[in-house]
Structure formats: C-alpha cells, structure tokens
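Asks: Any chance you can model this:
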Amino acid sequence: MNLHNAMPSNSAATITLEQWLKAATATLAQSLAWQPVSGDAVSARREASSVLLAAIGKTHAWLLTWPDACLSTDELARADAWLARRAAGEPLAYLRGEQEFWSLSLQVAPGILVPRADTECLVEQALLRIASAGAVRVLDLGTGSGAIALAIAHERRQAQVFAADRSALAVAVAQTNAARLSLALSCRESDWFSAFAGDRFDVIVSNPPYIAEDDPHLAALKFEPIQALAAADFGLADLREIIMQAPKHLSMNGYLLLEHGHDQAAAVRELLQQAGFVDVCSTRDFGGNERVTGGRWTGVSDDDA
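Replies: Here you go, the predicted model:
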C-alpha cells in the first residue's frame with residue numbers, strides 16, 4: 001500500500017509525519033481487518049500512529065513534539081510496507097517482532113500466538129498461589145512465546161519454572177526470550193504432558209486453544225497459528241484433555257489454573273469438579289468476563305491407587 005499518491009508530488013523526503021498520518025488514517029478507516037475481534041473499536045488515527053512509530057523507532061512524545069519532521073526515504077518505505085500489512089490484519093507485534101507482557105519485552109514471530117493483556121489475569125492467579133520464597137515447581141502448558149512462564153519466573157525467583165509447547169518454533173522462541181531476560185526456564189517440546197512422564201508440579205497453568213472451530217472471529221485472526229487458537233468440541237477439547245491428565249502431574253494440594261473463553265467458565269468448572277478438583281472458582285478479566293478457572297487437587301491419581 002503506497003501512500004505516495006496521497007502525498008505532495010515533490011520528493012519523499014518532504015513528506016512530514018503529520019502528512020503520512022493523515023493519509024494512513026484514511027487508509028485504515030477503509031478497512032476493518034485490523035480492528036480487535038473483541039469489538040472494542042480502536043481509532044484509525046491511533047493505530048496509524050502506532051504503525052508509524054514502530055516503523056521509525058520513535059515515541060508518542062517525540063511525535064507530539066515533532067509532527068512536521070520529514071520521513072527519510074527508508075523510513076517512508078518501511079512505514080508504507082508496514083501499513084499495508086497492518087491494514088490486511090497482520091498483528092502489529094509481528095511487524096515489530098516483539099510484544100510487551102507483564103512489563104517484559106518478548107520476541108514474537110509469525111507462528112507464535114501474540115500474548116494478550118487478559119492473560120495477565122492467569123499470571124496473577126498463579127502468583128497468588130505461589131509463596132514469594134517458595135521453591136515450588138510450576139509448569140506452563142502451551143507456552144508459545146513463554147509469556148506466562150517468564151512472568152511467573154520474573155516474580156517468583158525461587159520457583160522452578162518449566163514450559164512446554166508442541167511447536168518446536170515456540171520452544172525456541174521461549175528459550176530465546178528466557179535468555180534475553182536472564183530468567184531461568186526449562187522448556188520442552190511436548191504434546192501437553194507427553195514429555196513430563198512421572199513429573200509432578202505444585203502449580204500447572206495453561207492458556208490452551210479454546211475458540212470453537214466454527215467461530216466467525218477466527219477469520220480476523222488468520223495471521224496467528226490456528227492450532228494455538230481453535231479446539232474441537234465447541235472449544236473445550238484441549239481444556240478437557242488437560243483437566244483429565246493434570247491429576248497425574250500435580251502434587252498433593254497442587255493447583256490447576258486455566259484460561260478459557262468468556263462463555264466457558266461454567267463448563268470448565270464442571271469439568272474440574274467432575275475430575276475431583278476442589279475449591280473450584282473463576283476469576284474475571286479486565287473486561288469483566290470470567291476468564292480464568294482453577295481448582296486444587298487433593299485426591300490420588302489412578303497411578304497412585
């Protein structure tokens with residue numbers, strides 16, 4: 001998407017930030033692909049500013065101070081290219097190659113789910129169950145970029161934090177993020193618990209795929225890995241699988257905490273209760289939706305019987 005036709009006819013170097021923003025705002029206003037699936041509309045001007053500042057490596061404060069600064073030829077080319085990708089719906093995090101989560105800067109890439117702010121609610125619930133000085137064992141299933149595991153490792157330095165993902169790319173990215181942040185993380189390629197036979201943990205957390213396979217919102221998430229988003233059985237298949245397997249990998253009085261869809265809390269509570277978990281409860285996200293459900297394991301698994 002080249003904005004040159006919308007700009008003055010003189011050289012690229014005379015195009016100011018404000019001129020580019022006006023044309024980019026008009027371009028984004030004609031497209032809905034970049035809008036969040038939550039339905040909470042974002043202004044086209046704000047999104048255009050985010051794309052521009054990411055492309056040129058500047059801050060919003062700098063833009064407010066220097067709106068008449070001119071774009072270099074390279075900056076203009078990059079801003080135009082990134083705008084075209086964003087207008088098509090590609091996440092801004094993929095353009096930047098990073099996403100902030102829990103005040104941590106994480107590398108992300110196509111093929112890796114972009115961490116969402118609501119997932120910080122899952123981290124909060126995990127931290128409430130992990131003593132500050134406790135040398136507990138924590139497992140994050142389906143870690144993706146490592147966001148949840150690394151947030152916990154950052155806040156609970158005494159904990160042994162493990163992470164798992166069936167994607168080799170995700171494992172590599174999570175390990176890279178751990179190294180960049182100087183955080184201890186043991187990450188394994190694993191189909192849920194397959195690489196943890198015989199291992200037990202005090203806290204298991206997961207943000208598994210939970211969108212129904214026929215959900216129309218998936219069309220707006222086409223740039224992100226479908227295997228990290230959608231699940232069979234109205235989005236409950238992976239949640240059910242984790243709940244069924246977790247007792248064999250939980251210490252006595254260990255906790256299982258799961259992120260899920262806004263309308264799945266009742267179903268997840270029922271699955272946990274049927275599996276023998278106690279103290280089952282749900283927590284709301286920043287938008288007021290029940291987003292995290294968990295329970296405590298006090299029973300014995302079939303292997304222990």
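
Asks: Please make it C-alpha for all contacts and neighbour counts, starting now.
Replies: Fine.

Asks: The nearest residue in space to residue 96 that is not next to it in sequence and residue 110: what is the separation?
Replies: The spatially closest residue to residue 96, leaving aside those adjacent along the chain, is residue 54, at 6.4 Å (Cα to Cα, 6 or more residues apart in numbering). Computed as Cα to Cα, to the nearest Å, the residue 54 to residue 110 distance reads 17 Å.

Asks: before we move on, which element is the residue nearest to residue 96 in?
Replies: Following DSSP states H and E, one finds residue 54 within helix 44-56.

Asks: Surely the residue nearest to residue 96 touches residue 98?
Replies: No: if you go by Cα atoms under 8 Å, residue 54 and residue 98 don't touch, sitting 10.4 Å apart.

Asks: list the helices and strands the longest strand along the chain packs on?
Replies: Using DSSP state E to define each element, the chain has its longest strand at strand 250-259. In terms of contacts (3 or more Cα pairs under 8 Å, 6 or more residues apart in numbering; DSSP states H and E), strand 250-259 is packed against helix 120-128, strand 201-206, strand 290-297.

Asks: For that strand, what is the distance to the chain centroid?
Replies: 21 Å (Cα atoms, centre = their mean, to the nearest Å).

Asks: Could you list the buried residues of it?
Replies: 250, 251, 254, 255, 256, 257, 258, 259 (16 or more other Cα atoms under 10 Å).

Asks: quick check: angle from it to strand 290-297?
Replies: 170 degrees (axes from the mean of the first three to the mean of the last three Cα atoms, to 10 degrees).

Asks: okay, how far is it across stretch 129-149, tip to tip?
Replies: End to end - Cα to Cα - stretch 129-149 spans 14 Å.

Asks: now swap in stretch 198-212 and tell me
Replies: Terminal-residue distance, stretch 198-212 (Cα to Cα): 32 Å.

Asks: Quick one: the helices and strands packed on strand 250-259 as JSON lines, columns for distance to residue 145, mean neighbour count and mean pLDDT too.
Replies: Formatted as JSON lines, these follow (distance: least, Cα to Cα, whole Å; neighbours: other Cα atoms under 10 Å; pLDDT from 0 to 100):
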{"stretch": "helix 120-128", "distance to residue 145": "14", "mean neighbour count": "18", "mean pLDDT": "96"}
{"stretch": "strand 201-206", "distance to residue 145": "13", "mean neighbour count": "24", "mean pLDDT": "97"}
{"stretch": "strand 290-297", "distance to residue 145": "19", "mean neighbour count": "24", "mean pLDDT": "97"}
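
Asks: Just put these in CSV and tack on distance to residue 227.
Replies: Output for these, formatted as CSV (distance: least, Cα to Cα, whole Å):
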stretch, distance to residue 227
helix 120-128, 20
strand 201-206, 14
strand 290-297, 20
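
Asks: where do the helices sit along the chain?
Replies: With helices called from DSSP state H, the chain shows them at 17-29, 44-56, 60-65, 73-87, 92-96, 120-128, 147-155, 168-181, 232-235, 237-245, 265-274.

Asks: and the worst-scoring helix or strand of the chain on mean pLDDT, how far out from the chain's middle?
Replies: Scoring the helices and strands of the chain by mean pLDDT, DSSP states H and E places helix 60-65 at the bottom, with a mean of 86. For helix 60-65, the distance from its own C-alpha centre to the chain's C-alpha centre is 28 Å (Cα atoms, centre = their mean).

Asks: And stretch 267-278, by the same measure?
Replies: 25 Å.

Asks: for stretch 27-40, how far is the first residue from the last?
Replies: Stretch 27-40 has an end-to-end distance of 19 Å (Cα to Cα).

Asks: Over to stretch 117-137?
Replies: Separation of the first and last residues of stretch 117-137 by Cα to Cα is 24 Å.

Asks: Kindly report the same for stretch 224-231.
Replies: Termini of stretch 224-231 sit 14 Å apart (Cα to Cα).

Asks: can you check stretch 46-66 too?
Replies: Using Cα to Cα, first and last residues of stretch 46-66 are 17 Å apart.

Asks: again with stretch 271-285
Replies: Calculated as Cα to Cα, the first-to-last residue distance of stretch 271-285 is 21 Å.

Asks: and for it, what are the contacting residues?
Replies: 118, 121, 240, 243-244, 265, 269, 290-299 (Cα atoms under 8 Å, 6 or more residues apart in numbering).

Asks: What of stretch 32-40?
Replies: Contacts of stretch 32-40 (Cα under 8 Å, 6+ apart): 28, 41, 42, 86, 87, 88, 89, 90, 91, 217, 220.
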